[in-house]
Each structure stands twice: as structure tokens, then as C-alpha cells.
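Asks: pasting the structure only:
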């Protein structure tokens, strides 16, 4: 089947950006920090995030983000934490991120970089990984870990800075957000068609999200390991798009539906290559 020209151009652009990302990641692996103790500690923390995203998660976009920031820190440059408005976040979480960043910046500007460089570097990099993982919205354990480590570092910094001219009384860390219920739609082999059972799951997701005040959905498609990796990636995206269309038809805001395809990369049930597995032919719907 002939691919549309726009898809070919997009594929070429993605390949080029991947080369640039790979270069930055490789440079970051061997980068050594310079400048202040803070920029050196920041270099080490961004290197750890870069290697994790590249080697463990195979997420070159996120790895490149951390590599670029880490390379600047390695040169001794002052690197700022991510800006909240630059990220597409659930409406319900914007206030928390805005308050969290304000606390971090206040501490950094109040000499936390020089008085506690390692904790300051941890706080900044955990804020960055929290906001990056929250935008992706599907790895809830990663979101929670980055968030918890950020608040722990912030509390250490605030305790240390209390001996100096104190900043305004710290705002207590908010309670962890309620973990949204995940809904799973299953598919027949080599199919992206919704069954009556799938329609029922989608209806339930819409009903529960409405009662819980959720207005956005992460919609992630998956495939089993029968077939090639490239075909399964495309099939998982078709499944996710089918669910997205059903959610939209059911009343969900199309602008609040975030679709991704994972192919066979994240199986619910690990299998050997070529094995058909019903549990892996799925789309996960997570209200946000």
C-alpha cells in the first residue's frame, strides 16, 4: 500500500530528530560537570534521567530533553526548571505544578544552590521528570515516584533554609491525587474493531469519569507479539484511534483525548515472539 506523501515526510522528520536526540544522549553519557557544586550535581542528575529514558524506556524525546539540559549544566550554565505553561497538563493539576515550581524557584533563588547543591539538584530534576511523566500520563508509578522525591527534596531544603532568613511559611504538600481508575478494552486477533463488550467498557469509562470530574483521557493501544513489530505498532495505534472515536462520540471532548500506540513493547502478559495473547490485544483508557 502506498504511503501518503505527508506521512513519508513526517517519517523522515522523525528520523532526523531521532538522530539529533541520539547525538545529544551519547554526548551526555560521557559529560562531566563543571562550574559550581550545584551545576556539577545537576549534570549527574540529568545524566541519570537521560540514561533511564534512553535505555530503560526507549523514550528518545524525553532522553533528549534531559540530555540538552544536562549538557548545559555540564558547561557550568545555570539551567532553570521546566516552565508549567510549556506542558500540556490536566486542568486539575496546573495549580499544584504552579505552586510546586514557585516553591522550588524561591528556594533556588534564596541560595539553596550554594547551601545544599545536591538536594537543590535533586529537587529541580525531580520536578522536571514529574511534569514530563505527567504530560505522558500513562506510567502512574513513575509520576508518583518523581512527585514524591520532589516533595522530599523540597522539604529537606526548606528545613535547611529555615536557619537562614526564613522564606514565607512553606505550603504543606497536598495529599496525593486520587488514582484514576483504568479501563481496558480488548480486541480480537488482528482487529481494531470494537465489540459490544468494548462499547460497554467505554460507556463505563465515560460515566465514571463524569462523576469523578475527569475531563481528559489517556488512550494507549497495545498488540500481542504475533506479527512484525512495525505492523503491531500501527495496529495498536488503530485500536487506540477506534477507542478515541468512540469516546468522542460518547461526549468526551476531542481536545482532551491523548492517543498513543505502544505496539508489542508493553505486554500485560509477557510472551515469546509470535505468540497470540488476548490480554495483550488491548487499549488502556485512563481518565485524567
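Replies: All right, it came through fine. Please read all numbers here as calculations on a predicted model, not as lab measurements. Residues are numbered from 1 along each chain as shown.

Asks: contacts and neighbour counts: CA atoms only from here.
Replies: Will do.

Asks: ok, residues contacting stretch 184-203?
Replies: Residues outside stretch 184-203 that contact it (Cα atoms under 8 Å, 6 or more residues apart in numbering): 183, 235-236, 238-239, 242-243, 246-247, 250, 276, 278-279, 281-285.

Asks: just the ones of those in strands?
Replies: With strands defined by DSSP state E, the entries of the contacts of stretch 184-203 inside them are 183, 282, 283, 284, 285.

Asks: what ranges does the chain have for its helices?
Replies: For the chain, the helices defined by DSSP state H cover 5-29, 37-51, 60-74, 94-107, 113-115, 117-136, 140-161, 196-212, 229-249.

Asks: let me have the ones you listed in JSON lines, extended by distance to residue 170.
Replies: Formatted as JSON lines, the helices of the chain follow (distance: least, Cα to Cα, whole Å):
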{"stretch": "helix 5-29", "distance to residue 170": "35"}
{"stretch": "helix 37-51", "distance to residue 170": "23"}
{"stretch": "helix 60-74", "distance to residue 170": "28"}
{"stretch": "helix 94-107", "distance to residue 170": "8"}
{"stretch": "helix 113-115", "distance to residue 170": "18"}
{"stretch": "helix 117-136", "distance to residue 170": "15"}
{"stretch": "helix 140-161", "distance to residue 170": "7"}
{"stretch": "helix 196-212", "distance to residue 170": "30"}
{"stretch": "helix 229-249", "distance to residue 170": "41"}
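
Asks: how about the ones you listed in a markdown table, adding distance to residue 258 and mean pLDDT?
Replies: Formatted as a markdown table, the helices of the chain follow (distance: least, Cα to Cα, whole Å; pLDDT from 0 to 100):
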| stretch | distance to residue 258 | mean pLDDT |
| --- | --- | --- |
| helix 5-29 | 19 | 60 |
| helix 37-51 | 24 | 96 |
| helix 60-74 | 17 | 94 |
| helix 94-107 | 17 | 97 |
| helix 113-115 | 37 | 95 |
| helix 117-136 | 9 | 96 |
| helix 140-161 | 15 | 95 |
| helix 196-212 | 15 | 89 |
| helix 229-249 | 8 | 96 |
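
Asks: is it possible to get JSON lines of the ones you listed that adds distance to residue 172 and mean neighbour count?
Replies: Output for those, formatted as JSON lines (distance: least, Cα to Cα, whole Å; neighbours: other Cα atoms under 10 Å):
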{"stretch": "helix 5-29", "distance to residue 172": "36", "mean neighbour count": "15"}
{"stretch": "helix 37-51", "distance to residue 172": "26", "mean neighbour count": "24"}
{"stretch": "helix 60-74", "distance to residue 172": "29", "mean neighbour count": "24"}
{"stretch": "helix 94-107", "distance to residue 172": "10", "mean neighbour count": "16"}
{"stretch": "helix 113-115", "distance to residue 172": "22", "mean neighbour count": "17"}
{"stretch": "helix 117-136", "distance to residue 172": "16", "mean neighbour count": "23"}
{"stretch": "helix 140-161", "distance to residue 172": "9", "mean neighbour count": "18"}
{"stretch": "helix 196-212", "distance to residue 172": "24", "mean neighbour count": "15"}
{"stretch": "helix 229-249", "distance to residue 172": "37", "mean neighbour count": "20"}
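
Asks: nearest to residue 88, out of the ones you listed?
Replies: Nearest to residue 88 among the helices of the chain is helix 117-136 (5.8 Å), distances taken as Cα to Cα.

Asks: other residues contacting that closest one?
Replies: The contact list for helix 117-136, computed with Cα under 8 Å, 6+ apart, reads 37-39, 41-42, 45-46, 49, 62, 80-82, 84, 87-90, 97, 101, 104, 108, 112-113, 139, 142-144, 146-147, 149-151, 153-154, 156-157.

Asks: check stretch 220-236 too.
Replies: By Cα under 8 Å, 6+ apart, the list of residues contacting stretch 220-236 from outside reads 138, 190-192, 237-240, 259-267, 271-285.

Asks: give me the distance between the residue nearest the centre of the chain and residue 159.
Replies: The centre of the chain sits closest to residue 133, judged by Cα atoms, centre = their mean, with a distance of 2.3 Å. Distance, residue 133 to residue 159, using Cα to Cα, to the nearest Å: 27 Å.

Asks: repeat that for residue 104.
Replies: According to Cα to Cα, residue 104 stands 13 Å off from residue 159.

Asks: phi and psi next, for the nearest residue to residue 273 once chain neighbours are set aside.
Replies: Spatial nearest neighbour of residue 273, chain neighbours left out: residue 225 (5.2 Å); criterion: Cα to Cα, 6 or more residues apart in numbering. In terms of degrees, to the nearest 10, the main-chain angles of residue 225 are phi -100, psi 10.
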